[in-house]
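Engineer: Test case, fold it:
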Amino acid sequence: MNDWENAIRLLEENRHTCVLCKGDVLYASEKRGVAPLVGWITSGVDLRGFSAADKIVGKAAALLFALAGVKRVFAPVMTETALAIFTCHGIEANCQTIIKQIMNRAGTGPCPMERTVSSIDDPEEALKAIRQTMERLSAAKNASVQMKL
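Structural biologist: Modelled structure (predicted):
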């Protein structure tokens, strides 16, 4: 079984949301959204040449995969924009379903990360913007929790 097949198998057989494989090295996470990728990239994990499987991939995740140097990505669901990014960066991508956009968890509008990168095409710039949005959303959530206490 090659790295790509292994990543897909682990995604499908476990509760993982994101899996990256390269030889004997494996990274897997159950965190939602782009959090796993942001965490690995920010902590300096070298993901160049890895094969990845992710539950859902939009533009934000695609830009992060490109920044990380991943060579191949599979997702059951992927946006048209993500496929275009992968093509532009020479990353092989496969999916089962192509969608126009990823909605937020409430289903009331676009995903906040997708909205964050809507006018960004540079992976480095995308990482900075995504981290700022994550910090803002985390601060707002924490403030909401404190008000309920």
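Engineer: Give me the number of neighbouring residues for Asp24.
Structural biologist: The local packing count at Asp24 equals 5, with neighbours defined by other Cβ atoms under 10 Å. To be clear about C-beta, it is placed using only N, CA and C from the backbone, and glycine gets the same treatment.
Engineer: typo on my end, Glu124
Structural biologist: 11.
Engineer: per-residue pLDDT, it?
Structural biologist: Note on Glu124: pLDDT of 97.
Engineer: Now the closest residue to it other than its chain neighbours: which helix or strand?
Structural biologist: Taking Cβ to Cβ, 6 or more residues apart in numbering, and ignoring the residues beside it in sequence, Glu124 has Leu67 as its nearest neighbour in space, at 6.5 Å. Here Leu67 is covered by helix 59-68, with elements defined by DSSP states H and E.
Engineer: neighbouring strands for the very next helix or strand once past that helix, and are they parallel or not?
Structural biologist: Moving toward the C-terminus from helix 59-68, the next helix or strand (DSSP H and E) is strand 72-79. Strands adjacent to strand 72-79 in the sheet, as given by DSSP bridges, are strand 51-54 (parallel), strand 56-57 (parallel), strand 92-99 (parallel).
Engineer: which of the ones you listed sits most buried?
Structural biologist: Highest mean neighbour count among the strands paired with strand 72-79 (mean count of other Cβ atoms under 10 Å): strand 51-54, with a mean of 27.
Engineer: Could you list the low-pLDDT ranges of this protein?
Structural biologist: Residue ranges of the chain with pLDDT under 70: 141-149.
Engineer: center of it - which residue?
Structural biologist: The chain has Ala61 as the residue nearest its centroid, 3.2 Å off, counting by Cα atoms, centre = their mean.
Engineer: Would you mind measuring from the residue nearest to it when sequence neighbours are not counted to Asn6?
Structural biologist: On the basis of Cβ to Cβ, 6+ apart, the spatially nearest residue to Ala61 that is not a chain neighbour turns out to be Val34, at 5.3 Å. The span separating Val34 from Asn6 equals 22 Å under the rule Cβ to Cβ, to the nearest Å.
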